[in-house]
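J.: A structural model of the following input is requested.
(chains A, B and C)
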Amino acid sequence: MDSLASLNPRQQSAVIANPGPTLILAGPGSGKTRVLTHRIAYLVGQMGVAPYRIMAVTFTNKAAREMKTRVEALLEGQLRGLTVGTFHSICARFLRREAEHLPVTADFVIFDDSDQQALVKQVIKEFNLNDKQYAPGKLLNKISSAKNELIGPDEFTASTYFNEIVKRVYVRYQQLLVANNALDFDDLLMGVVELFRRHPEVLAKYQRQYEHILVDEWQDTNTAQYTLLRQLAAQHRNLYAVGDPDQSVYRFRGADYRNVRKFQEDYPDALTILLERNYRSTQVILDAAMAVIDQHPGRTRKQLFTERQGGAAIYAYEAYNEQDEAQFVVDTIAELTRTGLAAPGDCAVMYRTNAQSRSVEEAFLRAGLPYRLVGAQRFYGRKEIKDALAYLRLIHNPADSVSLLRVINTPPRGIGGKTLELLNELATANGLTVADVLRDLGDSGNQSRFMARLGNKAATSLINFGRMLTHWHSARGELAIVQLLDTVLNRIGYKEYLDDGTEEGEERWANVLELRGVAADAGDMTLAEFLEQVALVSDQDTLAEEGKAPTLLTLHAAKGLEFPVVFIVGLDEGVLPHQRSFDDPEAMHEERRLMYVGLTRAKDRLYLIRAFRRSLYGDSALSDVSRFLGDIPTNLLTGNLSNRQTRAETYYKRATTWDGGTLNLSTPNQKPVTVRPSEPTYRTSQRVRHAQFGEGIVLETKFVGGDEEVIIVFESVGVKRLAVRVAKLETLKG
DNA sequence: AAGGCCCTTCTTTTT
DNA sequence: GAAGGGCCTT
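T.: I've put the predicted structure just below:
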């Protein structure tokens, strides 16, 4: 075993801590994963604990996989029976195993966000509610928070009229889930807690088994998760929690960093170990990060330190707009690569919201450079992927009415609204599900007792569809996932449906092929296992081994990762911190922690970028520099934003030298209004000729300090930025 | 029934 | 500046 000698004294004492409740407060880059893996290896290798008596819980599958691999490497062998997984996957496993105690069967499917939306919309319709006043998303938020707080539909107390509606929706929504043989994400957690409460003998079984429970990212646990762990650890009390309250960024999902303090209150005898030595970043980067997080009220200060004294100054850059911001990132990466200071794969670009990735992606595309984008949700959220998966889900679980509705007329097969209405009616009148009616139609064809009410055309379509379903359903056990998927795709002519000759169509089909690849990788996994796996992937899970290209990801997805070079874009008030946090102090604190997470991802170089103007809702507006940038001492900064005094003056000068007409800036600090520059001379995608560079296409026109600038991609030399006044461009036709 | 067009309404973050 | 919903025509 990789000896304990490779760990520092603090880490060592964490690894060899006596049994009992233990809390490891681990600053960023302090080697918490090493501590966790060594701890497990120590328990197994030195303390003789059987692997099956250990549970290690993480938040992402990637973290779970990594932990397992690293423990196995330490022990030089397979660890049979060790439970490593995410909260959600471990809970799903428990629930399937104990399904006899549940309202759903062991085959239950997991409903994702859009399935939940569909179900709530159904309830809204059923109750004749106004979906503006009672927006599905709002209702779902309420329901989700309730579940995270372990409040079931019956316990939900309605103190206001709105909550009265929420309660009714919640009750009905839960009924529908059960009718669909489905659970949502929150049900997985709450379901296990409830199961344990109702069936102490089941709980006792697991309590006995799990002598040691280790938890990563403790600060991100919510009430349901916290309660679950307390239940499980009640007998042996060997709860080993690793976390950092400064990195808690999932409040919207019910996470409560106060669970760190709660741990100490609930286990007064807990051993607490602080890991403050950082092995990742330069001191410059750490100082900046500490300066930001130290402004967080009501927090215990940590004094992070590193051997990596000094380091490159942090480059703070103000771009003109988000295109310029993205261009700066691309140019800088090119420059770092050229000078050998970093490879493209060392670089990461982080942003607050997914929407911000677009301008960055466009800049990479324009430069013809590759990048990798993190985001499983984006992939699995695509319509074509959801549709393909809906077929598989329906084959697996015919009770899944949400999937049925998705695919019954995709691709179009002549089953429209009227037919669906009739189908529903038939089902309800006979006390059956829609799937039952379809199956009967498929089985009995023209002899079906439901024929009478159906028109000829509709009946044929329904019979055909019913037959396909029945056929696939009975074949599902004999085929590998990828074969089943191929069969379905072929039969429904999905390629022909998607690939309509447009670029988008081609891309859609390419996405389906990617899903096919995932299915092929699933090997001989059962359909149930496959569906669960794809339901529970996280954004981070899609991040394979380090690539050769820069990584684009949200700050949330960046948690737990590190990169030699980090760019954080969008350091503007309203973006980071996000607009939505302005009137909620707790939310604002979380924005600060998010900034802290981003800063501490960087090992060597950090670039903080903002845009002077940024398009929002379509038209563009001016923004202020993020307050978080202002918290970083200027002596750590370089770049055009390193002197804040002058910047404020610059805004003023720049703003007042614009066309003047619509401007009413009286003081430099007053919030600037939207400025309309005069009409551009050139238009986007216009062809032009330059005396030296030859022919090109205008990508963008803009005004900088009253000067008109155009960005042009030339056939000969690529992208150039030119001043119209100087460039003498000739416009071409076409 | 299906496809197209115009309208609105948003946009945090994700297991 | 996209995506969904409502309303139109074929």
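
J.: Report pLDDT for the closest residue to DNA strand B within the stretch 351-500 of chain A.
T.: Relative to DNA strand B, the nearest point of the stretch 351-500 of chain A is A:Gly416 (2.5 Å; Cβ to the nearest atom of the strand). C-beta: built from backbone N, CA, C; applies to glycine. Note for A:Gly416: predicted pLDDT of 83.

J.: mind pulling up the phi and psi values for the closest residue to it other than its chain neighbours?
T.: Among residues not flanking A:Gly416 along the chain, A:Asn409 sits closest, at 6.8 Å (Cβ to Cβ, 6 or more residues apart in numbering). With angles defined as degrees, to the nearest 10, A:Asn409 sits at phi -130, psi 30.

J.: ok, A:Asn409 - contacts?
T.: Counting by Cβ atoms under 8 Å, 6 or more residues apart in numbering, A:Asn409 makes contact with A:415-416, A:420.

J.: Where does pLDDT dip in chain A?
T.: Low-confidence segments of chain A (pLDDT under 70): A:1-2, A:543-546, A:618, A:644-680, A:703-708, A:718, A:725-726, A:733-734.

J.: about what we covered before: with distance to A:Tyr173 and neighbour count added, can I get the contacts of A:Asn409 in TSV?
T.: Listed next are the contacts of A:Asn409 as TSV, based on distance: Cβ to Cβ, whole Å; neighbours: other Cβ atoms under 10 Å:
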residue	distance to A:Tyr173	neighbour count
A:Ile415	26	18
A:Gly416	27	13
A:Leu420	21	17
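
J.: Mark which of those are part of helices, please.
T.: Secondary structure from DSSP state H places A:Leu420 of the contacts of A:Asn409 in helices.

J.: Could I get the CA-only coordinates of the strand or helix carrying A:Phe379 as CSV?
T.: Assigned by DSSP states H and E, A:Phe379 falls within helix A:376-380. Extracted in CSV, the C-alpha atoms of helix A:376-380 (Å, rounded to 0.1, in the frame of the first residue of the first chain):
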residue,chain,number,x,y,z
ALA,A,376,-24.6,15.7,-19.6
GLN,A,377,-27.9,17.4,-18.9
ARG,A,378,-27.6,19.2,-22.2
PHE,A,379,-27.1,15.9,-24.1
TYR,A,380,-29.8,13.9,-22.3
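
J.: What helices and strands are in contact with the very next helix or strand once past it?
T.: Per DSSP H and E, the first helix or strand lying C-terminal to helix A:376-380 is helix A:383-396. Applying 3 or more Cβ pairs under 8 Å, 6 or more residues apart in numbering; DSSP states H and E, one finds that helix A:383-396 contacts helix A:376-380, helix A:401-407, helix A:456-475, helix A:481-492, helix A:494-498, helix A:503-521, helix A:527-535.

J.: What angle do helix A:527-535 and helix A:383-396 make with each other?
T.: 150 degrees (axes from the mean of the first three to the mean of the last three Cα atoms, to 10 degrees).

J.: follow-up on the earlier one: can you tell me which of the contacts of A:Asn409 is nearest DNA strand C?
T.: Nearest to DNA strand C out of these is A:Gly416 (Cβ to the nearest atom of the strand; 10.6 Å).

J.: for that closest one, phi and psi?
T.: Taking degrees, to the nearest 10, you get phi -100, psi -170 for the backbone angles of A:Gly416.

J.: Same question for A:Ala146.
T.: When read as degrees, to the nearest 10, the backbone of A:Ala146 gives phi -60, psi -50.

J.: Distance of it relative to A:Asn18?
T.: With distances taken as Cβ to Cβ, to the nearest Å, A:Ala146 is found 39 Å from A:Asn18.

J.: Have a look at the two and say which one is more surrounded.
T.: Set A:Ala146 next to A:Asn18 and count neighbours by other Cβ atoms under 10 Å: A:Ala146 wins out with 22 against 7.

J.: Surely that one and A:Lys167 touch.
T.: No. Applying Cβ atoms under 8 Å, one finds A:Ala146 not in contact with A:Lys167, separated by 9.1 Å.

J.: quick one: common contacting residues for these two?
T.: A:Phe156.

J.: which SSE is A:Asp287 in?
T.: Assigning secondary structure by DSSP H and E places A:Asp287 in helix A:283-293.

J.: Out of the helices and strands packed on helix A:383-396, which one sits most buried?
T.: Comparing these by mean neighbour count (mean count of other Cβ atoms under 10 Å), helix A:401-407 ranks first with a mean of 22.

J.: ok, now which ones touch A:Leu489?
T.: By Cβ under 8 Å, 6+ apart, the residues touching A:Leu489 are A:388, A:495, A:512, A:516.

J.: Now do stretch A:312-326: distance to the chain's middle.
T.: Offset of stretch A:312-326 from its chain centre (Cα atoms, centre = their mean, to the nearest Å): 25 Å.

J.: same thing with stretch A:242-252?
T.: The answer for stretch A:242-252 is 15 Å, by Cα atoms, centre = their mean.

J.: now what about stretch A:38-49, what contacts it?
T.: A:1-2, A:4, A:7, A:11, A:14-17, A:50-51, A:54, A:56, A:67, A:71, A:74-75, A:79, A:82, A:211-212, A:214, A:240.

J.: check which helix or strand covers the nearest residue to A:Phe450 once chain neighbours are set aside.
T.: Among residues not flanking A:Phe450 along the chain, A:Leu426 sits closest, at 5.4 Å (Cβ to Cβ, 6+ apart). For A:Leu426, the enclosing helix or strand under DSSP H and E is helix A:417-429.
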